[in-house]
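S.K.: Attaching a predicted model along with its sequence, questions to come.
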Amino acid sequence: MQSSGQPSQQPPLQESDIPQLLQLLHGALSPDAAVQKHAESILASIASRTGYCSCLAAIVGNQGADHSARWLAAVQLKNSVNKYWRPRYDTGGLSHQEKAYLRGHFLQLIPQDDNQIAVQVALVIAKAARFDFPQQWPNLFIDLLAGIAVAPAAGGTPAPPSILLLRRTYVVLHHVLKELSSKRLAADQKAFADVAQLLFEHVWSSWGSLLQDILTRLPAELAAPAGSAPPQALLLAFERWLLLLKILRRLLLFGFRSDAKSLQPVPAVALVAPQLLAAMAALHQVQQQQQQSQQQRGQHSSAAVSHRQLSAMVERGMLKLIKTLSQVQQEHPWSFHHAGVLLSLLEACYTQLLAAAGQGPWSPAREALLLTCCQAVLAVLRCDSYAGRLSSNTAGAHTQQASTIKRMAGEVSGQLATWWGAPAQPPQLPALAAALAAAGSGPQQQQPQQQQADGQHTRQSALLVALIAGFFPLTHRDIDEWLDDGEQWALANADTASNLHGLKSCCHQLALSLLLANKASLAPVLVQLLQGVSACVPEGWGRGAAAAWPAIPGPPVPGPSGAANPAVLLLKEAVYEAVGLAAYELHDYIDYPGWLRGSLLPEMMAVGNQQHHQQADGSSSKHKLLLLVLPRAAARLVGHWVADLKATDRPAVYRALTVLLVQPSSADKQQQHKPDVVLQLAAVSAMRIIVDDFGFESEGFVEVLPAVMQALTGMLATSQELDTQTQVRRGAGTKQAAVA
């Protein structure tokens with residue numbers, strides 16, 4: 001099988017060429033690099049020849065062929081369909097006859113025994129459907145549904161389709177709908193709406209039937225003895241249920257026009273949303289029952305494999321249900337509200353967040369669930385429709401439509417305000433209790449703050465406190481990463497409020513959105529927390545020899561190498577982070593100049609003295625982090641509050657940030673001192689913000705400039721990350737330009 005010049009002059013591949021093509025696929029998988037390269041070059045040269053895709057499809061369907069070769073054939077088929085299905089400038093693409101043959105043959109490849117090959121076959125069908133549906137392949141979905149329909153058997157008894165065929169067909173439907181939903185032309189969206197009408201009834205009824213089956217069998221399987229075999233039938237049913245949930249979500253999101261634009265109710269949302277919420281509640285109840293049972297039997301640490309699989313299954317199901325509900329709420333806010341599930345979704349997410357506050361670090365699955373809950377609450381708070389903000393599609397609407405939006409928004413806003421204002425209790429965390437007790441005993445507390453200390457929290461304030469006290473503080477995982485690779489950890493946590501991809505980042509955004517929504521009620525709560533943690537950490541802590549530090553009330557938090565980090569200290573760092581994020585909202589509530597001079601500047605300036613005593617006392621790394629937590633938080637906070645920085649305080653701030661950059665070592669020159677890069681990066685970021693500020697004056701900065709430039713040069717020499725070097729170079733350029 002050789003390449004012969006122009007693709008158009010090459011003869012088509014025939015069925016007789018399949019053995020040679022199979023041999024080439026084996027060669028492409030060879031561990032011998034020369035054989036592999038030769039086979040790949042020949043495969044690339046014949047990829048555009050007529051019949052190539054048909055031969056690959058025949059190899060994929062040959063169950064007797066080698067598994068690896070079949071998988072590679074499926075991958076090559078997917079790539080060739082994506083590249084040659086439509087005519088190209090250098091080739092004519094696939095002929096109409098070959099495409100018609102392949103469309104019929106693709107459906108025969110669906111029931112694959114191997115998962116990897118089945119996914120590739122689904123992607124092949126999805127790529128072809130993107131090009132040909134609905135013009136050249138109008139019966140695609142009808143044929144897919146016909147393949148899994150209940151057919152009468154020879155004796156007259158209905159014969160249900162095989163489980164394998166159902167699983168593979170649902171995978172194909174998922175990928176085809178995913179491909180078609182990404183098309184943005186009006187005609188394509190209309191075609192997808194027609195598909196949604198065709199598929200919705202089957203998908204919805206099948207999903208409901210599987211849910212009932214799972215909820216019926218799940219308690220018995222969880223109660224089975226620890227040594228029992230994994231329930232494969234239940235796990236396979238759950239896999240199909242999840243696939244149908246993904247299909248259902250895509251139909252709801254893309255098969256019906258958003259009611260935020262049309263203001264027309266979507267009946268499918270009213271039908272589906274309550275059932276999704278009920279399913280989430282049922283899975284949550286099963287999860288709680290399992291946890292109680294494990295605690296009673298003492299199997300929490302050594303649960304059976306089958307029980308762990310079922311637990312992961314339940315947790316994953318809850319994650320997908322909350323994600324689906326949240327996305328439906330964002331796409332169809334009015335129908336979601338009229339279905340009566342808006343407040344119930346908020347209650348479920350709120351309960352999950354409060355229950356998990358202070359329990360970190362969490363498992364990856366648990367953290368993903370909490371992140372989804374956080375995103376769901378944030379989506380409700382930021383919903384333009386509920387706030388009465390007109391979108392670009394409705395901004396030019398006539399007066400009657402605009403008044404309708406305002407009326408509905410007022411109704412939803414009233415219900416949300418009532419729900420958020422209901423009495424609640426913040427999480428029972430020892431460090432938080434110590435901080436609130438210290439704040440409540442202060443002589444300058446205002447009456448609203450005293451009421452908060454007495455437990456008169458609302459859901460809004462309780463969630464804010466839970467986020468700050470339960471999700472903002474550094475965990476022992478953060479402490480380990482800081483000590484192991486501070487540079488990488490600092491870069492990963494430099495701007496946690498700029499995205500929603502991590503749990504801590506999303507919690508930062510949620511806390512800020514809560515403050516923006518009700519600043520008058522929540523700003524005093526945050527100020528109270530600040531006063532409480534400041535009172536809990538005694539003045540003079542961290543200065544001088546470690547043996548002379550005053551005791552910090554509250555329990556310790558486990559840290560690296562058996563270190564016991566005071567929980568209140570980590571809570572104070574978290575409150576500093578929150579106050580920094582909410583700088584614009586809090587400038588009327590905090591005497592920033594007095595706070596800067598009385599607390600922030602001494603905390604940053606103490607680093608030099610701390611380094612001296614750490615080396616003199618031989619303190620281990622477990623004390624090192626305790627010394628650096630608050631100076632880093634203070635530096636970041638100073639950068640956020642630059643708008644409130646007075647000219648008379650700027651020279652002192654320059655000196656304090658320079659101390660963090662240089663981190664002077666002890667007078668003993670024999671001892672090697674390595675500055676902490678986390679502190680240095682925090683100081684570089686804060687100093688750059690201050691220098692870029694409109695109120696910057698070079699007179700007070702000139703005296704620290706030589707030390708700053710020397711420290712930045714040292715950072716460039718020792719840094720291992722390109723992002724660090726870029727940040728340092730930008731900082732150096734800004735400082736040189738500022739004093740030029």
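M.R.: On my side now, so go ahead. Numbers count the residues shown, from 1 in each chain.
S.K.: Please count neighbours and contacts with C-alpha atoms only from this point.
M.R.: OK.
S.K.: Return the helix or strand containing Gly714 as PDB; C-alpha atoms alone will do.
M.R.: Following DSSP states H and E, one finds Gly714 within helix 705-718. Taking Å, rounded to 0.1, in the frame of the first residue of the first chain, the C-alpha atoms of helix 705-718 are listed here in PDB:
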ATOM      1  CA  LEU A 705      14.800  51.800  46.500                       C
ATOM      2  CA  PRO A 706      18.400  50.300  46.700                       C
ATOM      3  CA  ALA A 707      17.400  47.600  49.100                       C
ATOM      4  CA  VAL A 708      14.200  46.900  47.100                       C
ATOM      5  CA  MET A 709      16.100  46.500  43.800                       C
ATOM      6  CA  GLN A 710      18.800  44.300  45.400                       C
ATOM      7  CA  ALA A 711      16.100  42.000  46.800                       C
ATOM      8  CA  LEU A 712      14.300  41.900  43.400                       C
ATOM      9  CA  THR A 713      17.600  41.000  41.700                       C
ATOM     10  CA  GLY A 714      18.100  38.200  44.300                       C
ATOM     11  CA  MET A 715      14.600  36.900  43.600                       C
ATOM     12  CA  LEU A 716      15.300  36.700  39.800                       C
ATOM     13  CA  ALA A 717      18.400  34.700  40.500                       C
ATOM     14  CA  THR A 718      16.800  32.200  42.800                       C
END
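S.K.: Need the residues that contact it.
M.R.: Outside helix 705-718, the residues within contact range by C-alpha atoms under 8 Å, 6 or more residues apart in numbering are Thr658, Leu661, Val662, Val677, Thr724, Gln725, Val728, Ala732, Lys735.
S.K.: Strands of the stretch 51-200 of the chain, start to end?
M.R.: 151-152, 158-159 (DSSP state E, counting those that start in this stretch).
S.K.: where among those is the average confidence lowest?
M.R.: For the strands of the stretch 51-200 of the chain, mean pLDDT drops lowest on strand 151-152, to a mean of 58.
S.K.: Tell me where the stretch 401-550 of the chain is predicted with low confidence.
M.R.: Judged against pLDDT under 70, the low-scoring parts of the stretch 401-550 of the chain cover residues 434-455, 496-500, 538-550.
S.K.: In space, what's closest to Leu571 - neighbours in sequence excluded?
M.R.: Pro473 (5.7 Å; C-alpha to C-alpha, 6 or more residues apart in numbering).
S.K.: Quick check, that neighbour in contact with Leu570.
M.R.: Yes: counting by C-alpha atoms under 8 Å, Pro473 touches Leu570, with 5.6 Å between them.
S.K.: How about exporting stretch 635-645 as PDB, limited to the C-alpha atoms?
M.R.: Provided in PDB are the C-alpha atoms of stretch 635-645 (Å, rounded to 0.1, in the frame of the first residue of the first chain):
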ATOM      1  CA  ALA A 635       0.900  42.900  53.100                       C
ATOM      2  CA  ARG A 636      -1.900  41.700  50.900                       C
ATOM      3  CA  LEU A 637      -4.400  43.700  52.900                       C
ATOM      4  CA  VAL A 638      -2.300  46.900  52.500                       C
ATOM      5  CA  GLY A 639      -2.300  46.400  48.800                       C
ATOM      6  CA  HIS A 640      -6.100  46.100  48.800                       C
ATOM      7  CA  TRP A 641      -6.600  49.200  50.900                       C
ATOM      8  CA  VAL A 642      -4.300  51.500  49.000                       C
ATOM      9  CA  ALA A 643      -7.100  54.000  48.300                       C
ATOM     10  CA  ASP A 644      -7.300  54.700  52.100                       C
ATOM     11  CA  LEU A 645      -3.500  55.000  52.500                       C
END
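S.K.: So which bits of it are buried?
M.R.: Ala635, Arg636, Leu637, Val638, Gly639, His640, Trp641, Val642, Leu645 (16 or more other C-alpha atoms under 10 Å).
S.K.: These in helices, which ones?
M.R.: Ala635, Arg636, Leu637, Val638, Gly639, His640 (DSSP state H).
S.K.: how much space is there between the last one and Gln287?
M.R.: I take that to be His640. 42 Å (C-alpha to C-alpha, to the nearest Å).
S.K.: Quick check: end-to-end length of stretch 106-120?
M.R.: End-to-end distance (C-alpha to C-alpha), stretch 106-120: 11 Å.
S.K.: burial measure for Lys78, as a count.
M.R.: Neighbour count of Lys78, defined by other C-alpha atoms under 10 Å: 23.
S.K.: just the helices in the stretch 51-200 of the chain please.
M.R.: Along the stretch 51-200 of the chain, counting by DSSP state H, counting those that start in this stretch, helices occupy 52-61, 67-84, 96-108, 115-132, 140-147, 163-181, 186-222.
S.K.: For Val380, find the nearest of these.
M.R.: Closest approach to Val380 among the helices of the stretch 51-200 of the chain (C-alpha to C-alpha): helix 163-181, 24.3 Å.
S.K.: which strands and helices sit next to that closest one?
M.R.: Where contact means 3 or more C-alpha pairs under 8 Å, 6 or more residues apart in numbering; DSSP states H and E, helix 163-181 is packed against helix 115-132, helix 186-222, helix 232-254.
S.K.: Of these, flag the one that's most buried.
M.R.: helix 115-132 (a mean of 21; mean count of other C-alpha atoms under 10 Å).
S.K.: contact partners of it?
M.R.: Counting by C-alpha under 8 Å, 6+ apart, 70-71, 74-75, 77-78, 81-82, 85-86, 103, 106, 109-112, 137, 140, 168, 171-173, 175-177, 179-180 sit against helix 115-132.
S.K.: Likewise for stretch 93-113?
M.R.: Contacts for stretch 93-113 (C-alpha under 8 Å, 6+ apart): 48, 50-51, 54, 57, 60-61, 84-87, 118, 121-122, 125, 128, 137, 144, 164-165, 168-169, 172.
S.K.: which of those residues are buried?
M.R.: The buried subset of the contacts of stretch 93-113 - by 16+ other C-alpha under 10 Å - is 48, 50-51, 54, 57, 60-61, 84-85, 118, 121-122, 125, 128, 137, 144, 165, 168-169, 172.
S.K.: Appreciated, that's everything.
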